[in-house]
Each structure stands twice: as structure tokens, then as C-alpha cells.
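J.: here is a sequence together with a model predicted from it:
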Amino acid sequence: MLPIAIDAMGGDHAPDEIIAGAHAAVDELGVEIVLVGRPELRDKIGDLELIEASEVIAMDADPAASVRTMKDSSLVRAAEAVRDGRASAMISAGNTGATMGSALLRMGRIKGVKRPAIATPIPVPGSTPTILLDAGANAECQPEWLLQFAQMGATFAAERFGISEPRVGLLSIGEEPGKGNSLVKQTYPLLDAADALKVGTFIGNVEGRDLMTDAVDVVVTDGFTGNVALKTLEGGMRTLVGALFEAFGSTEEAKAAAEVLMPQLLPLYSQVDPDSTGGAMLLGVDGICMISHGSSSSTAIVNAVRVTRELQDVDIVERLRSAVG
């Protein structure tokens, strides 16, 4: 199989953590990796292959303008490697919008897909993750796009997590069919049609409180709402974990209790740690594009490679092509 292209320049801890993750992925998973980045990286990457790129799209750069003007950026070159058959997939922890733009412009869309969507696994302790899409690719959406998000999301959940009949919900402010804004109200009958989904079952409206439960497998929404929901969950979990650790160290009694509780809490923490998920896949482009979070460590990169290889094994792009065809 062709190597997986990793953007060595993307992320808050690039390039060191990205390079370390690439080496660890080769050692642990036995996969081939090609890094994409500045020429001077050759002195740091050992025996890994490098695709040279002289430019780097900053995390705070304008995505559309950067992809158009910085044609020798690591993101653009990574997407071109997939397009040109030099790599089988791309991974980046860099600018999310620019990652999406590079993949869309260089790799193209699956035929029939109106807009790609970011599918983010939301951890659910003790169960399979809930797939949230769109998590930020399209701030404004049309009902027909959300229908396709549901079709792709259900297929992704089935192939990625082995859910035989994924339950698909439409994110709203109430469970009743008439609740929600105009987009939700117009989307509901499209999803509720008998032949709407080739894979999975539409279960109606769901609310934000359902995201981290086992009540639903795929939650569909526009990219603006999805990104706000995702960042709210991330912030809430970070605050909760911080408060717990502060409480555990507050008194001698609390420290003693922490020694007893920590072995039980650490597996739970691992489940909700963003580094464990590997990232979010951009569904709808004609190839595999994994978007890791900006603060990705080497562990996150290893998991991103692991997930990418698993998705390649199930031929996820062809599965998605069938879902919307």
C-alpha cells in the first residue's frame, strides 16, 4: 500500500511531535509514512521520506486565501501527493479550514457530494462514540446537504465502529418534529423519508445533551452549530478534569482518596482524551483526509495513522461513494 502523507508542519507542537509520532507509527503499526515539510527537516527525520514544501500555512491564517496563494505549502503538497498517487491518505494537525480546502481543491469531491463534512467522534464512556457532523466545514448549510451528511455519517459509523444499524439524529432544540430553526424543519422530512438512508435509521430530533450518550450513533447538523457544540464539550471536559485534579490535591484526605480513585478514573480519562481518537475524517472528498486537533501529541499522530489504516482496510471512500450514489 502507498505511504500515508503527514503534514509535518501542522499543529501547535510541529514539527517535533509530528515527527516523533510518524516514527512511532512506523515502529508500532508497520506502516509506511512520508512527511511533508520544509527542506531543513531532512536533518531531523532520520530514514523517513520527505516531500519538500517551502511554505507553511499558519494556524490563524485565512484558509481560502492561503490555499490559493501558498501552492508550495505542506498542506497543499500533502493533498497533491494523494491526488497524484504518491500517497494513499493525508493527515494534518494544522489549520482545519486550510486542510479541508487543500483536500477539496486538490483531491476533489466524490461524485454527487454537494459539500464535504467533518465527522468527529464524540467519546461516550462504555459505548461506541457518537459521530458529529458537520463539525465545522460548512458554517451555512442547505437541507439537501444535511441529508448527505446523514448518509455519509451513517456509513462511516457502520464501517468505522461496526454498528450494524446506526441511529441517526438531527440536532435541534427539542425532540418534537416541529422544533428547531428553518434548516432543521426543512431537513426533517428529507431524513424521515422511507428511502433517505441506505445505511442506518433516522430516529428524529436529538438534543445537545444526547451527544455523549448511547441514545444516538450519528448526529447531523450544520458546521456552525456542530463546531460550537464540539468546542463546548471540549471546554467543559477540560474544565471538569482540571477541577477534579485540583480537588484531589486540595487536602491530605483528598490525596488519599485520589490514590484509590485514580486507577478507576484513568481509563475513563483515556476514553475522553482527544489524543485517543486520532482525529476527524473529512467525508465527501475523493480520498482519505484525517484532521487531527491542533494540540496533537505524538500519541495523537500514531492514533491518526491507526485510524487511517483501518479506514483504508474497509475501503471507506468507496463505501461513501455508494452511500450518496
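T.: Now that the structure is in, tell me what you want to look at.

J.: residues in contact with the residue most central in space within the chain?
T.: Nearest residue to the geometric centre of the chain (C-alpha atoms, centre = their mean): residue 280, 0.7 Å. Residue 280 makes contact with 118-121, 135, 290-291 under the criterion C-beta atoms under 8 Å, 6 or more residues apart in numbering. Glycine gets a C-beta too; all of them are placed from N, C-alpha and C.

J.: for the lowest-mean-pLDDT helix or strand in the chain, C-alpha coordinates in CSV please.
T.: Within the chain, no helix or strand scores below helix 274-277, which has a mean of 75 by mean pLDDT, DSSP states H and E. Only the C-alpha atoms of helix 274-277 are listed here, as CSV (Å, rounded to 0.1, in the frame of the first residue of the first chain):
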residue,chain,number,x,y,z
PRO,A,274,-8.7,13.9,22.2
ASP,A,275,-5.3,12.2,21.6
SER,A,276,-7.1,8.9,21.7
THR,A,277,-9.5,9.5,18.9
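
J.: pLDDT on the next helix or strand after that helix, on average?
T.: Later in the chain than helix 274-277, the nearest helix or strand by DSSP states H and E is strand 280-283. Average pLDDT, strand 280-283: 96.

J.: partner strands of strand 280-283, parallel or antiparallel?
T.: Taking DSSP bridges as the criterion, strand 280-283 forms sheet pairs with strand 117-122 (antiparallel), strand 288-291 (antiparallel).

J.: in the first one, what's buried?
T.: What that stands for is strand 117-122. Buried residues in strand 117-122, counted by 16 or more other C-beta atoms under 10 Å: 117-122.

J.: go on, stretch 57-67?
T.: In stretch 57-67, counting by 16+ other C-beta under 10 Å, buried: 57, 61, 63, 66-67.

J.: okay, now residue 172: neighbour count?
T.: By other C-beta atoms under 10 Å, the residues close to residue 172 number 24.

J.: check residue 137 too.
T.: Neighbours of residue 137 (other C-beta under 10 Å): 28.

J.: angle of the helix ranked longest in the chain against strand 117-122?
T.: With secondary structure taken from DSSP state H, the chain has its longest helix at helix 223-248. Note on geometry: by axes from the mean of the first three to the mean of the last three C-alpha atoms, to 10 degrees, helix 223-248 and strand 117-122 are set 20 degrees apart in direction.

J.: show me what helix 223-248 is packed against.
T.: strand 117-122, strand 130-133, strand 167-171, helix 252-272 (3 or more C-beta pairs under 8 Å, 6 or more residues apart in numbering; DSSP states H and E).

J.: swap the cut-off to 6 Å and go again
T.: In terms of contacts (3 or more C-beta pairs under 6 Å, 6 or more residues apart in numbering; DSSP states H and E), helix 223-248 is packed against helix 252-272.

J.: who are the packing partners of the helix it packs on?
T.: So helix 252-272, by 3+ C-beta pairs under 6 Å, 6+ apart, packs with helix 223-248.

J.: now the helix it packs on: how far from the chain's centre is it?
T.: 17 Å (C-alpha atoms, centre = their mean, to the nearest Å).

J.: buried ones in that helix?
T.: Across helix 223-248, burial judged by 16+ other C-beta under 10 Å covers 223, 225-227, 229-230, 233, 237, 248.

J.: quick one, helices of this protein?
T.: Under DSSP H, the chain gives helices at 16-29, 63-69, 74-83, 96-107, 143-161, 182-192, 223-248, 252-272, 274-277, 298-313, 316-324.

J.: and the protein, what are its domains?
T.: Domain assignment of the chain by automatic domain parsing yields the ranges 1-113+284-325, 121-275.

J.: looking at the helices of the chain, which is nearest to residue 131?
T.: With C-beta to C-beta as the criterion, residue 131 lies closest to helix 143-161 of the helices of the chain, at 5.0 Å.

J.: ok, how many other residues are close to the closest residue to residue 198 other than its chain neighbours?
T.: Excluding the flanking residues, the one nearest residue 198 by C-beta to C-beta, 6 or more residues apart in numbering is residue 323, at 5.8 Å. When neighbours are defined as other C-beta under 10 Å, residue 323 has 25 of them.
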